[in-house]
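**Q** Quick one: sequence and predicted model below, then my questions.
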Amino acid sequence: MDYSDLIASGVDAADLSRATTIPETWKQGRTAYGGLTAALCLQAATPLAGGLPVRAVQVGFVGPVNGTVNCTPVLLRQGKNTVFVHVRMSGDEGILADAIITFGAARASALDFGHLPPPDVPPPEQATNYFKTDRPGPAFAAHFQMLLAGGYPPMSGAPAGDVSIWMRHRDPKTPSDAIALLALGDAPPPAAMSLFTQPARISSMTWMAEFLTETFETEDRWFLARHVAQTARYGYSSQAMTMWNSKREPVMVGRQTIAVFG
């Protein structure tokens, strides 16, 4: 099932919850791909935002997401310029994900800057495939096109977990909105996997994303992402992520906590 069909497949119930059945092709191991989980939570929260643009998403991946899941949004606070919404994703095994999503109106300010220079990498047409043919990646990765623009691929025994990737949805019907960008942002394996020399299990535990723009247009659906593993200790890795559009304007930043079993 393509992204645009899947994201539209939720059933609106009287209590605003949305029921979605997770296809096998959108899984990584026994759970839904984390970017899809976050996107479904944001989709459920958006009707309560009163038309305000999303500013931040904080998600805890509590348990494996599979089968039919329900995203239930609750309005926490509606102020003059901001809205806070809590979304709980649940299924047969109980609570699967918990999200706090912040929406906010634009306001006049004396501050206007963004010191997030993109990495010096070639354009998509000069980049190479991110996944090797003998290591095609998890099932969900088939829904995205990923090109290695700089840094190191997974399991390359690299000296650092630092990778730059051109990414886009393969589905040409994908809308240019915050939900689609959130679904895309978590697509690459954790940057720490570049340091591995053989496969090992990993699991996303938390993800925080901040949106730096209200418009998400980009040429030919391409976005540039840089993922950097900043620490790895006690079986957990903390990484930072930045995304730019095709004009190399910053559109999103994020942080992630990852459990590393290897």
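**A** Alright, I've got the coordinates. Residues are numbered from 1 along each chain as shown.

**Q** Can you show me the helices along this protein?
**A** 3-7, 34-45, 178-185 (DSSP state H).

**Q** Just give the closest residue to residue 27, not the sequence neighbours.
**A** Excluding the flanking residues, the one nearest residue 27 by C-beta to C-beta, 6 or more residues apart in numbering is residue 139, at 5.4 Å. Backbone N, C-alpha and C define where each C-beta goes, glycine included.

**Q** gap between the residue of the chain most remote from its centre and residue 212?
**A** Centroid-distance maximum for the chain: residue 110 at 30.7 Å, with C-alpha atoms, centre = their mean. Counting by C-beta to C-beta, to the nearest Å, the separation of residue 110 from residue 212 is 18 Å.

**Q** Dig out what the nearest residue to residue 55 once chain neighbours are set aside forms beta bridges with.
**A** Distances taken as C-beta to C-beta, 6+ apart place residue 104 nearest to residue 55, at 4.5 Å, with adjacent residues excluded. Beta-bridge partners for residue 104, by DSSP bridges, are residue 82.

**Q** Identify the residues contacting residue 104.
**A** Contacts for residue 104 were tallied using C-beta atoms under 8 Å, 6 or more residues apart in numbering; they are 52-53, 55, 81-83.

**Q** for residue 77, same thing?
**A** 83-84.

**Q** again, only using 10 Å
**A** Counting by C-beta atoms under 10 Å, 6 or more residues apart in numbering, residue 77 makes contact with 83-86, 102.

**Q** Then residue 66?
**A** By C-beta under 10 Å, 6+ apart, the contact set of residue 66 is 21-24, 26-27, 29-32, 91-93, 96.

**Q** try 8 Å
**A** Residue 66 touches 22, 27, 30-32, 91, counting by C-beta under 8 Å, 6+ apart.
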